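# Fold the following and give me the result.
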Amino acid sequence: MDMTSNSDGPAQLEAACFERPSEAALFPATRATHSPRFLLLYGSLRERSYSKLLILEAQRLLEHLGGEVRIFDPAELPQPDGAPESHPKVQELRNLAAWCEGMVWCSPERHGAMTGILKSQIDWIPLSVGAVRPTQGKTLAVMEVCGGSQSFNAVNQMRILGRWMRMLTIPNQSSVAKAFLEFDESGRMKPSAYYDRVVDVMEELVKFTLLTRDAAPYLVDRYSERKESADALSRRVNQRSI
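Numbers count the residues shown, from 1 in each chain. Next up, the predicted model:
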């Protein structure tokens, strides 16, 4: 017998923890009216860092699209496990991760991968702080700069990390080839198809953030975690009764 055809539902389900998706929860009547908040991370400490220059272009675009933007400076951020969590730079990063509703990650591609500088920033952002998950349900856009021909290794890696951090990574992305040719002496990006793609990515990020931010906790609410929480509550109650 196919248990899924049973009107009572599959026998394996914990009925108290199972919920059908609710349009009311997905589209709440009361919606946030403040500017969408974005945290931008870049992956190089060079004096002329092209990942930072691209992040600065992203900042200009996001602010022009109505967003509020913060850029984290990775200088003096210690290596993960190389300092206590109370380190001022770690606390600054974690506070910004909690504040924002979306992120942009931009890294150079180095040896076919994102840089350790960007990865260290992400590694310092925990999956959970007490009952708060700093990144879960927040939007993410990924970009990279290349010294040679166009590649997608770094953005593909960042997509995997975004999924691991339980973020909503938007479909579009940017990879700027021969980045040293794409910025003028003042550090501004020259008009090009690469620049147009960056505009596309930032526009899409703002749209996805406005669409999902009010329902973000509901979008990432999971049956398995509700069940685990119910089990944990049951154990605590049973322990008190012994």
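
# For Gly67, what are phi and psi?
Here is the backbone geometry of Gly67 (degrees, to the nearest 10): phi -90, psi 160.

# need the contact list for it.
Applying C-beta atoms under 8 Å, 6 or more residues apart in numbering to Gly67 gives the contacts Ser35, Pro36, Arg37, Phe38, Val206, Thr209. Glycine gets a C-beta too; all of them are placed from N, C-alpha and C.

# Can you check the pLDDT for Thr33?
We have a pLDDT of 93 for Thr33.

# Could you report the separation of Leu41 from Ile122?
Distance, Leu41 to Ile122, by C-beta to C-beta, to the nearest Å: 8 Å.

# neighbour-wise, which of the two wins?
Neighbours per residue (other C-beta atoms under 10 Å) separate Leu41 from Ile122, with Leu41 holding more: 24 against 21.

# picking that back up, top of the contacts of Gly67 by neighbour count?
Within the contacts of Gly67, most neighbours by other C-beta under 10 Å means Phe38, with 29 neighbours.

# To what extent is Leu96 buried, counted in neighbours?
Residues within reach of Leu96, counting by other C-beta under 10 Å, total 20.

# that older thread, now, which of the contacts of Gly67 sits nearest Gln157?
Using C-beta to C-beta, Phe38 is the member of those that lies nearest Gln157, at 20.9 Å.

# Looks to me like that closest one is in a strand.
Yes - assessed with DSSP: H, G, I helix; E, B strand; the rest coil, Phe38 lies in a strand.

# so what's it up against?
Neighbour list for Phe38: Leu62, Gly67, Glu68, Val69, Arg70, Cys100, Glu101, Gly102, Met103, Val104, Leu205, Thr209 [criterion: C-beta under 8 Å, 6+ apart].

# If any of those residues are buried, put those into a ChimeraX selection.
To isolate in ChimeraX the members of the contacts of Phe38 that are buried, counting by 16 or more other C-beta atoms under 10 Å, one can use:
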select :62,67,69,100,101,102,103,104,205,209
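
# Which members of the contacts of Phe38 are positioned in strands?
Members of the contacts of Phe38 lying in strands (criterion: DSSP state E): Glu68, Val69, Arg70, Gly102, Met103, Val104.

# For those residues, give me a markdown table that also has pLDDT and distance to Ala141.
Shown next, in a markdown table, are these (pLDDT from 0 to 100; distance: C-beta to C-beta, whole Å):
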| residue | pLDDT | distance to Ala141 |
| --- | --- | --- |
| Glu68 | 98 | 16 |
| Val69 | 98 | 12 |
| Arg70 | 98 | 15 |
| Gly102 | 98 | 7 |
| Met103 | 98 | 7 |
| Val104 | 98 | 5 |
